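Asks: What follows is a protein structure lacking sequence information:
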């Protein structure tokens with residue numbers, strides 16, 4: 001409560017999150033929402049047996065890392081910080097990267113390839129070395145859809 005008063009006195013909005021397995025699952029969509037807030041974000045993590053129930057009345061929302069239990073919420077909080085931070089403008093060297101990754105468009109990311117063009121009989125797809133940006137974009141979209149259908153159909 002004192003922390004909120006401190007920030008409000010300085011004219012800053014706050015948003016306090018209780019990191020708990022009982023919260024709503026943390027997703028890329030939630031990371032994007034949090035990254036767009038102008039508020040000071042405070043993450044409260046429990047340890048072992050959780051929290052005094054009264055703290056729930058002092059937070060804005062409860063977020064879970066997933067359907068599993070850790071010793072404490074610190075690792076989940078670090079994951080949240082990483083996911084949110086990389087969506088803040090000018091954090092990544094290439095902001096376009098964040099827009100084309102897994103979960104950014106409800107699809108998993110397309111396969112990535114580097115040099116050499118052929119490695120132990122495995123070749124980079126022709127579309128990617130063609131230099132035709134339209135073909136490359138089409139291939140990436142198609143591969144993202146194929147990969148998502150195969151690995152995470154629940155996203156579709």
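Replies: Happy to help now that I have it. The shown structure was predicted, so the numbers you read here are calculated from the model rather than taken from an experiment. Numbers count the residues shown, from 1 in each chain.
Asks: What are the buried residues along the longest strand that the chain contains?
Replies: Ranked by residue count, the top strand of the chain under DSSP state E comes out as strand 14-25. Going by neighbour count (16 or more other Cβ atoms under 10 Å), the buried part of strand 14-25 is 14, 15, 16, 17, 18, 19, 20, 21, 23. Yep, even glycine has a C-beta here, placed from its N, CA and C like the rest.
Asks: Using the record, which stretches count as separate domains in the protein?
Replies: 2-85, 100-155 (automatic domain parsing).
Asks: In JSON lines, list the ones you listed along with distance to residue 94 and mean pLDDT.
Replies: As requested, those are exported to JSON lines (distance: least, Cβ to Cβ, whole Å; pLDDT from 0 to 100):
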{"stretch": "domain 2-85", "distance to residue 94": "15", "mean pLDDT": "92"}
{"stretch": "domain 100-155", "distance to residue 94": "10", "mean pLDDT": "92"}
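Asks: any chance of the ones you listed in JSON lines, plus distance to residue 91?
Replies: Putting those into JSON lines (distance: least, Cβ to Cβ, whole Å) gives the following:
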{"stretch": "domain 2-85", "distance to residue 91": "6"}
{"stretch": "domain 100-155", "distance to residue 91": "14"}
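Asks: Would you agree residue 51 is in contact with residue 20?
Replies: Yes. Using Cβ atoms under 8 Å, residue 51 is in contact with residue 20, at 7.1 Å.
Asks: Which stretches in this structure count as helices?
Replies: Using DSSP state H, the helices found in the chain span residues 2-9, 28-35, 74-85, 95-99, 126-129, 133-151.
Asks: Strand 14-25 and the first one, what's the angle between them?
Replies: If I follow you right, that is helix 2-9. 130 degrees (axes from the mean of the first three to the mean of the last three Cα atoms, to 10 degrees).
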